[in-house]
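S.K.: Structure for the following, please:
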Amino acid sequence: MKKYLVTGIGGFVAYHFLERLNEFGEKAEVLGLDLKISQEAKEYSFENIKLNFIELNLLEYRALEIAMVSFNPNFIVHLASFSSVGKSWEMPLESFLNNTNIFLNIAEIVRHNKINCRILSVGSSEEYGNVKESSIPLKEDTILHPANPYAVARVSQEMLSKCYVDAYKLDIILTRSFNHIGTRQRTDFAIPSFTKQISEGVKQGFREIKLITGDITVIRDFIDVRDVVNAYFALLKDGKSGELYNVCSGKGNSLKDVVDLLAKIFGVQVITETDPKRVRPLDNRIIIGSFEKIKAHTGWEPKFKLEESLKAVVENHHF
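M.R.: Residues are numbered from 1 along each chain as shown. Below you'll find the predicted structure:
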């Protein structure tokens, strides 16, 4: 029975990871770690997974060490993060500590205790920063220009990963994961926020809805969370240690495109209004990735179209 240690178990990606693991039909054991675990998460039930939780601060080395050593995982899936770019501008210290030092704790514990496992170190497309359109699609060897505190922290995590692979021969696979979309995502992210606002307008009987947004002209590579977790399993199985992989759709859409698709799905007219408070001090204008490398190494490629992903969010939202 394979054993998976999953940090950030209360997050929306972790739920989809568990759901996909269960679908494989093979018995597995999972230890989920998080600072706080909701009652909903504690009630997760998957027939093929023996699931346990520990609430702990991942910055506390000794508590984390006890949990990791006693569980002795085959795989560590490091999903815990301070993941909001917007909030990283408001709380840069917390963003950097969480996204860098937690990973450093994990790597040090694996090294000191000689835990024989493969680590999935999840990074972000934000690491690329502001790039010229001539650099699109972004490939793993593109020069990085991180443009916000969150992105800088993710680059640091990535560089630490490479140090531990090169110096200590830890088995680490690295990703730059692009903008996830899917059910269970928090409403402080753009698409759940848009969906919630439109849904509330529909409930009140409006056919024309005003949507408060940030900058919706930016272009992003949106990828379905179900495709993301499929990529993670492909990398745990066939990824090459020390290698870095984009996890992306290879297609770009502006947030305005997303708003238009949501309006179509809901069957309403949407008027947008930009809230200056939601506009970031410095934002990447265009982010579109290439998944050539992960496809070549593992055979993975995305399956879900943007409209399919948005329909899933609309049909399964619980706000």
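S.K.: And the residue nearest to E308 when sequence neighbours are not counted, what's its pLDDT?
M.R.: Leaving aside its sequence neighbours, E308 sits nearest to D224 (C-beta to C-beta, 6 or more residues apart in numbering; 7.2 Å). Using the backbone N, CA and C atoms, a C-beta is placed for each residue, glycine as well. At D224, the pLDDT value in this model is 98.
S.K.: cool, L282 as well?
M.R.: L282 is assigned a pLDDT of 59 by the prediction.
S.K.: Equivalent analysis for the one 4 residues further on, please.
M.R.: Looking at I286, its pLDDT is 90.
S.K.: Dihedrals phi and psi, the residue nearest to it when sequence neighbours are not counted?
M.R.: Closest residue in space to I286, ignoring its immediate chain neighbours: I219 at 4.3 Å, by C-beta to C-beta, 6+ apart. I219 adopts backbone torsions of phi -110, psi 130, taken as degrees, to the nearest 10.
S.K.: Also Y4?
M.R.: Residue torsions, per degrees, to the nearest 10, at Y4 are phi -120, psi 130.
S.K.: Check A167 too.
M.R.: Backbone phi and psi, for A167 under degrees, to the nearest 10, turn out to be phi -90, psi -40.
S.K.: what number of residues lie near it?
M.R.: 9 (other C-beta atoms under 10 Å).
S.K.: Next one: it from D188, what distance?
M.R.: Distance, A167 to D188, by C-beta to C-beta, to the nearest Å: 37 Å.
S.K.: which residues in the chain form helices?
M.R.: Ranges of helices in the chain, per DSSP state H, are 12-23, 39-42, 61-71, 85-90, 92-96, 102-113, 149-168, 190-203, 225-238, 255-266, 292-298, 306-315.
S.K.: mean confidence score for the longest one?
M.R.: Going back to what we said before, that points to helix 149-168. The model assigns helix 149-168 a mean pLDDT of 95.
S.K.: List of residues touching it?
M.R.: Applying C-beta atoms under 8 Å, 6 or more residues apart in numbering, the contact partners of helix 149-168 are 82-85, 88-89, 92, 95-96, 98-100, 103-104, 107, 111, 119, 121, 123-124, 126-127, 129, 144, 146, 170-172, 174, 176, 241-242, 244.
S.K.: try it again with 7 Å
M.R.: 85, 88-89, 92, 95-96, 99-100, 103-104, 107, 111, 121, 123-124, 126-127, 129, 144, 146, 170, 172, 174, 241-242 (C-beta atoms under 7 Å, 6 or more residues apart in numbering).
S.K.: What ranges in this protein fall below the confidence cut-off?
M.R.: 278-283, 318-319 (pLDDT under 70).
S.K.: neighbours of the closest residue to S83 other than its chain neighbours, just the number please.
M.R.: Once flanking residues are discounted, S83 sits nearest to Y150: 7.5 Å by C-beta to C-beta, 6+ apart. Close neighbours of Y150, defined as other C-beta under 10 Å, add up to 27.
S.K.: Same question for K305.
M.R.: Neighbours around K305, by other C-beta under 10 Å: 12.
S.K.: What spatial separation is found between it and L79?
M.R.: Counting by C-beta to C-beta, the gap from K305 to L79 is 25 Å.
S.K.: Ok, L59 next?
M.R.: 16 Å.
S.K.: neighbour-wise, which of those two wins?
M.R.: L79 (23 against 14).
S.K.: Show the contacting residues for the nearest residue to the more buried one once chain neighbours are set aside.
M.R.: Distances taken as C-beta to C-beta, 6+ apart put G8 closest to L79, at 3.8 Å, once the chain neighbours are dropped. G8 is in contact with 14, 34, 79-81, counting by C-beta under 7 Å, 6+ apart.
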